[in-house]
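In: Here is the input, now give the coordinates:
(4 chains)
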2 protein chains.
Amino acid sequence: MAQPQPFHRQNHLLASLPPADLTSLETHLEPMELGIRHAIEIANKPIKHLYFPVSGIISVVASGPRNHKIEVGIIGKEGMSGISIVLGDDRTPNETYVQVAGFALRIAADDFRHVIHAAPSMRHHFFQYVQFFMIQTAHTALANGRAKVEERLARWLLMAHDRLDGDEIPLTHEFLALMLGVRRAGVTTTLHVLEARALISLERGRITMIDRSGLEALADGIYGVPEAEYRRLTGWRGKTQG
Amino acid sequence: MAQPQPFHRQNHLLASLPPADLTSLETHLEPMELGIRHAIEIANKPIKHLYFPVSGIISVVASGPRNHKIEVGIIGKEGMSGISIVLGDDRTPNETYVQVAGFALRIAADDFRHVIHAAPSMRHHFFQYVQFFMIQTAHTALANGRAKVEERLARWLLMAHDRLDGDEIPLTHEFLALMLGVRRAGVTTTLHVLEARALISLERGRITMIDRSGLEALADGIYGVPEAEYRRLTGWRGKTQG
DNA sequence: CCTTATCGGTGCGATTCCGTACAGTAAAAC
DNA sequence: GTTTTACTGTACGGAATCGCACCGATAAGG
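Out: Here you go, the predicted model:
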């Protein structure tokens, strides 16, 4: 079962484009493997390609002093990288890289610019995604400022689960700590709490979702607003319904 | 000295529009007083107007469970409210309201839509601001996740100072606590620390900036990236140069 | 198979920040 | 001028999280 359907049908943002628009993009789309840790965008450097994941997860990370980093956005098959390009800019102070390996379709920034220039109708589609992404970042700010590590971890696992096929999240505690901006040891002990409540199971380098609605309950309102927004904007349902 | 120059010249986003574009917006712009606490946008309700402040400060606030709120964006005379409208949507789950009283020019959402529909060139201008605003929110997420209250407070005061005329920030500790998502008492004691270092002076309901570069040093890298981005995008210098 | 690097489990004191509470003081309302 | 409200100062115990450090376990590489 190599690909049950064409790649572009597996990225929701592409799949929900009007057929005519998809056609004009399609010729420029190039399938790419997303290797773990591969850099998609480098801070303050011109962005070369936009990526539409069909599997795996890409993280957008903001950097601060003392090499402090934190995730400000997560991208899976519901979205795309390269929002700066969509907005007519060519760079961003954030970094973007592959967090969970997978596959993507990518398009050169110049090609993308030309295509959306020629098809203004298409822009609306991508602007909706920009709107969603902003709300996601806003709620990351909210979670970072007001939620406990346990809740933020639950939120992150739910967001990752939304974007992956199956229930396994292949990620080390170290990476997770970087995403959340907390200690690695803090992630480890908090994961144990979740495991003890039978919400997840743990193996080396992998977290498996056991009880999704239990995790949603534990996240207690910190998860969900951006997801509802995505549904309003595009009709996608994620895994909320199973 | 009522208005040394027309209102629209005091909002940088308007002032830096190409003259032709400004003309087409101008007829729809209506001067408005920004009363403290006035709601500019209500969560999940259609946005009626977009505001271009010429003085005062508007806050964009995300809400979470248990009525927990936190500021995710700040708008002064460098910017505008209503980014959702710019992106072709009509609402947002965030709230937006006046944090420091002042004046603004506003335009009805429908008028704005018509104007930018007719003048695609203008969109680029506002998209740059959207880009800046996203980066600002991203760095708020970074600050919330990794910086101490002292640094976050310094960052907020610097951002407010950038947007106000003069060195006085008329705000209570209570509001500030809401913005930062920390206890009111925490703000009070932290402000005293800054005062003891002669960086600010305190009066009831007012904070006065004394030593801006000292505050920047204290914020230690948590402040500055979005501001540099704004400069790159628009050439505005804020007060960084005195 | 053996070595080496990565990853995970655990502990401990220090620090930051919270929740709560109460009293004093300045401004606003009457 | 008096009352009322809003704002600020301060305190205290406790919870959450940090920084660091060390060791065992698992996987990867030679």
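
In: Now the lengthiest helix in chain A: buried residues?
Out: The single longest helix within chain A, with elements called by DSSP state H, is helix A:120-146. With burial defined by 16 or more other Cβ atoms under 10 Å in any protein chain shown, the residues of helix A:120-146 counted as buried are A:122-123, A:125-146. In this view, the C-beta of every residue, glycine as well, is placed from N, C-alpha and C.

In: Keep only those of those that are also close to DNA strand D.
Out: When contact is defined as Cβ under 7 Å from any atom of the strand, the buried residues of helix A:120-146 do not meet DNA strand D at all.

In: give the contact list for residue A:124.
Out: residue B:88 (Cβ atoms under 8 Å, 6 or more residues apart in numbering or on different chains).

In: So which residues of chain A form strands?
Out: A:30-34, A:39-41, A:49-53, A:57-63, A:69-75, A:95-100, A:102-108, A:168-169, A:200-203, A:206-209 (DSSP state E).

In: The shortest one pairs with which strands, and in what direction?
Out: In the sheet containing strand A:168-169, its partner strands are strand A:206-209 (antiparallel), by DSSP bridges.

In: Any idea how far the strand it pairs with is from the middle of the chain?
Out: What separates the centre of strand A:206-209 from the centre of its chain is 17 Å, taken as Cα atoms, centre = their mean, to the nearest Å.

In: now stretch A:148-157
Out: Per Cα atoms, centre = their mean, the displacement of stretch A:148-157 from the mean C-alpha position of its chain is 16 Å.

In: for stretch A:193-204, same thing?
Out: The answer for stretch A:193-204 is 23 Å, by Cα atoms, centre = their mean.

In: what's the first-to-last distance across that stretch?
Out: Length of stretch A:193-204, first residue to last, Cα to Cα, to the nearest Å: 16 Å.

In: model confidence over it, on average?
Out: Averaged across stretch A:193-204, the pLDDT comes to 96.

In: what does stretch A:100-117 give?
Out: For stretch A:100-117, the mean pLDDT works out to 96.

In: near DNA strand D at all, it?
Out: No - judged by Cβ under 7 Å from any atom of the strand, stretch A:100-117 makes no contact with DNA strand D; its nearest approach is 12.2 Å.

In: buried set for that stretch?
Out: In stretch A:100-117, counting by 16+ other Cβ under 10 Å, buried: A:100, A:102-107, A:109, A:111-113, A:115-116.

In: Now do the end-to-end distance for stretch A:32-39.
Out: So stretch A:32-39: terminal residues 13 Å apart, Cα to Cα.

In: Hmm, I typed the wrong one, I wanted stretch A:55-68.
Out: Rule used - Cα to Cα; the end-to-end distance of stretch A:55-68 is 28 Å.

In: Now look at it and say if it contacts DNA strand C.
Out: No - Stretch A:55-68 lies out of reach of DNA strand C by Cβ under 7 Å from any atom of the strand, never closer than 13.3 Å.

In: how distant is that stretch from the center of its chain?
Out: That offset, for stretch A:55-68, works out to 12 Å (Cα atoms, centre = their mean).

In: Need the residue closest to the centroid of chain A.
Out: By Cα atoms, centre = their mean, the mean C-alpha position of chain A lies nearest to residue A:75, the distance being 1.7 Å.

In: how close does that residue sit to DNA strand D?
Out: Residue A:75 is 24 Å from DNA strand D, where distance means Cβ to the nearest atom of the strand, to the nearest Å.

In: related to what we said a few turns ago, which one of the strands of chain A lies nearest to residue A:179?
Out: Closest approach to residue A:179 among the strands of chain A is made by strand A:69-75 (4.1 Å; Cβ to Cβ).

In: ok, the closest one: who's next to it in the sheet?
Out: strand A:57-63 (antiparallel).

In: Let me know the average pLDDT across the partner strand.
Out: 97.

In: who touches that strand?
Out: A:34, A:40-41, A:43, A:51, A:69-76, A:81, A:93-100, A:102, A:104, A:160, A:163-164, A:178-179, B:138-139, B:141-142, B:225.
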